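A.B. asks: predicted coordinates and the sequence they were generated for:
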Amino acid sequence: MQVEGDAQEKSTLKEETKSADSVKEKEVISGQTAQILVEDEALSAADFHNNDNKVLSALNEAGSNYSFKGLMRKLNLHQQSLSRALHRLEEMGLVEKSQVGYRLSKDGGAGISRVGQHSPKGREYMQLLQSHIPLKVRAVEIVRQLVGKWFKNLRWIGMIESGTGYTLQWSSDDGSFQINLRMISDYIVIETNAFAEKEKVDAMVGSYAIYQHITRAMQSLLGAYAVDHHFSYN
């Protein structure tokens with residue numbers, strides 16, 4: 001009789017376990033535990049749309065900040081397509097909006113490393129201009145004069161800030177080439193990836209327009225410094 005009682009008890013425990021497992025299965029199917037399951041899983045390439053990958057790749061550099069229109073030009077995406085991609089990435093917590101554009105969030109950098117994103121290798125850049133920045137002028141003061149500005153046939157894209165300096169980027173009207181202005185230590189370097197001869201000429205014209213704007217900005221900053229310095233001794 002005792003053996004039969006044990007058998008019945010074991011049978012009851014099995015039924016209860018089956019019932020509990022069935023409830024869990026229904027909860028998973030109904031989506032009640034979906035949030036927990038997703039949190040435990042790592043992001044994969046399948047979690048991203050093609051345009052999402054393009055945006056993440058463009059922002060995949062520390063200190064990158066790109067305006068909405070800058071991303072449109074850089075990635076050659078339609079306004080609505082880019083808007084949807086940014087919305088998805090913001091909801092996932094991978095991209096956030098800064099004062100000067102869009103950038104990767106802290107989670108965004110980790111997300112890219114898990115998915116294995118990398119920026120495609122493009123055309124090589126050649127130097128167009130190089131100049132010295134007066135010691136009395138801070139690089140950030142020049143950056144403020146350039147962010148968001150358009151020059152000739154060049155349209156503003158965005159900016160990358162790093163521990164060594166700044167990189168400001170512009171693109172041609174048709175997106176055929178790009179110009180970078182690098183500010184490292186006390187030097188300004190303007191470079192382009194223009195390839196065709198006409199592109200190179202257009203890039204040179206645009207780079208001189210940028211340089212003229214920088215020259216006027218530095219004259220203004222140095223003039224203001226001279227006035228302040230004069231009054232500080234009087």
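C.D. replies: That came through, no problem.

A.B. asks: spit out the contact partners of the closest residue to Phe177 other than its chain neighbours.
C.D. replies: Among residues not flanking Phe177 along the chain, Ala194 sits closest, at 3.9 Å (Cβ to Cβ, 6 or more residues apart in numbering). (C-beta placed from N, C-alpha, C; glycine too.) Ala194 is in contact with 126, 176-177, 200, 202-203, counting by Cβ atoms under 8 Å, 6 or more residues apart in numbering.

A.B. asks: now restrict the residues you listed to buried residues only.
C.D. replies: Neighbour-count burial (16 or more other Cβ atoms under 10 Å) is assigned, among those, to 177, 202-203.

A.B. asks: ok so, going back, just the contacts of Ala194 now: which is nearest Asn76?
C.D. replies: Set against Asn76, the nearest of the contacts of Ala194 by Cβ to Cβ is Ser176 (11.0 Å).

A.B. asks: can you check the pLDDT for Glu161?
C.D. replies: pLDDT, Glu161: 88.

A.B. asks: which element is it on?
C.D. replies: Following DSSP states H and E, one finds Glu161 within strand 154-162.

A.B. asks: now secondary structure too, for the buried ones among the contacts of Ala194, in TSV please.
C.D. replies: Formatted as TSV, the buried ones among the contacts of Ala194 follow (DSSP: H, G, I helix; E, B strand; the rest coil):
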residue	secondary structure
Phe177	coil
Asp202	helix
Ala203	helix
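
A.B. asks: list just the nearest of those residues to Tyr187.
C.D. replies: Ala203 (19.4 Å).

A.B. asks: and that closest one, how far from Asn180?
C.D. replies: Distance of Ala203 to Asn180, computed by Cβ to Cβ, to the nearest Å: 11 Å.

A.B. asks: got it, and Tyr208?
C.D. replies: 15 Å.

A.B. asks: comparing these two, which shows the higher neighbour count?
C.D. replies: Legend: neighbour count by other Cβ atoms under 10 Å for Tyr208 and Asn180, higher for Asn180 (18 against 15).

A.B. asks: thinking again about what came up before, list residues touching both of Ala203 and Asn180?
C.D. replies: Residues touching both Ala203 and Asn180 by Cβ under 8 Å, 6+ apart: Thr192.

A.B. asks: where in this structure is pLDDT low?
C.D. replies: 1-48, 108-122, 224-234 (pLDDT under 70).

A.B. asks: which residues in it form strands?
C.D. replies: Listed in chain order, the strands found in the chain under DSSP state E are 64-66, 95-98, 101-104, 126-132, 154-162, 165-172, 178-184, 187-192.

A.B. asks: make JSON lines from the ones you listed and add distance to Gln80 to it.
C.D. replies: Below are the strands of the chain laid out as JSON lines (distance: least, Cβ to Cβ, whole Å):
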{"stretch": "strand 64-66", "distance to Gln80": "18"}
{"stretch": "strand 95-98", "distance to Gln80": "17"}
{"stretch": "strand 101-104", "distance to Gln80": "16"}
{"stretch": "strand 126-132", "distance to Gln80": "35"}
{"stretch": "strand 154-162", "distance to Gln80": "20"}
{"stretch": "strand 165-172", "distance to Gln80": "20"}
{"stretch": "strand 178-184", "distance to Gln80": "24"}
{"stretch": "strand 187-192", "distance to Gln80": "30"}
